[in-house]
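>>> This is a predicted model, with the sequence first.
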Amino acid sequence: MMAKPIPRVADPDPPPLTEADREVLERAQAGDPTALGPVRELLAARPELWRQMGDLCGHAEDSLLAVLAGKSLLARESIRQRLAELKDEHLGPAPSPAERLAVDRVAVTWLQVYLADLDAAQGERAGGPQGAHLLRRQAAAQARHLAALKQLGVLRKLTRPAPKSFRLLPFPGVEGSGPDSGDERRPGA
């Protein structure tokens with residue numbers, strides 16, 4: 001059975017913000033140092049606020065989606081759905097927090113690669129320094145994406161539990177091999 005991912009926001013329907021809460025948030029957003037104490041209290045009481053504001057991966061994804069889709073809500077939501085599907089495919093059952101971070105990086109670099117691909121395709125006729133820049137950007141995005149995939153694989157390999165025991169399987173056509181043979185030597189040793 002596949003484990004359900006842990007939701008990023010604990011309460012899907014938090015109570016609405018009061019006018020005083022909004023005022024504190026606006027003062028803090030504007031950089032008013034007197035709002036620091038009250039905003040800390042508000043964030044402690046309403047963790048969904050700091051989770052949303054502190055979700056840097058989500059902000060990066062939203063920015064890239066806005067560039068990729070432009071004004072098209074259809075394109076934005078379609079790409080967002082594909083991105084969610086991609087994350088689910090890479091997360092697997094019971095992902096660790098480190099795997100979640102690595103999958104977030106894979107997802108962001110996936111968006112970057114395709115943005116660079118589209119820009120390179122649209123600027124293909126530009127030639128000269130602009131065309132060369134687009135090709136370098138495309139190659140760099142691809143390298144970052146492959147590095148993110150590699151790091152996810154390394155992380156999984158390092159965190160995979162060790163096998164419980166090791167038993168030799170019988171070799172077809174070789175008598176005296178396998179777990180019941182009593183011969184503890186390795187074949188060919």
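Yep, that arrived.

>>> In terms of residue numbering, what are the domains of the protein?
According to automatic domain parsing, the chain is divided into the following domains: 21-54, 56-159.

>>> Which stretches in the chain count as helices?
19-29, 36-45, 47-53, 56-69, 73-91, 97-122, 128-159 (DSSP state H).

>>> how many other residues sit next to residue 42?
19 (other Cβ atoms under 10 Å). For every residue, glycine as well, the C-beta is placed using N, CA and C.

>>> contacting residues around it?
Residue 42 is in contact with 21, 24-25, 49, counting by Cβ atoms under 8 Å, 6 or more residues apart in numbering.

>>> Pretty sure residue 149 sits against residue 107.
No. Taking Cβ atoms under 8 Å as the definition, residue 149 is not a contact partner of residue 107, at 11.0 Å.

>>> returning to what we had before: out of the helices of the chain, nearest to residue 13?
Proximity to residue 13 (Cβ to Cβ) singles out helix 47-53 among the helices of the chain, at 9.8 Å.

>>> shaky segments in the protein?
Filtered on pLDDT under 70, the chain yields the residue ranges 1-12, 126, 162-163, 165-166, 168, 174-189.

>>> Tell me which residue is most central in it.
In the chain, the residue lying closest to the centroid (Cα atoms, centre = their mean) is residue 104, at 1.1 Å.

>>> leaving aside the residues next to it on the chain, what's closest to it?
Excluding the flanking residues, the one nearest residue 104 by Cβ to Cβ, 6 or more residues apart in numbering is residue 57, at 4.2 Å.

>>> ok, how many other residues are close to that neighbour?
16.

>>> again, but for residue 73
Counted with other Cβ under 10 Å, residue 73 comes out at 9.

>>> Now do it against residue 79, distance only.
Taking Cβ to Cβ, to the nearest Å as the measure, residue 73 falls 11 Å from residue 79.

>>> Please consider this matter closed, and thank you.
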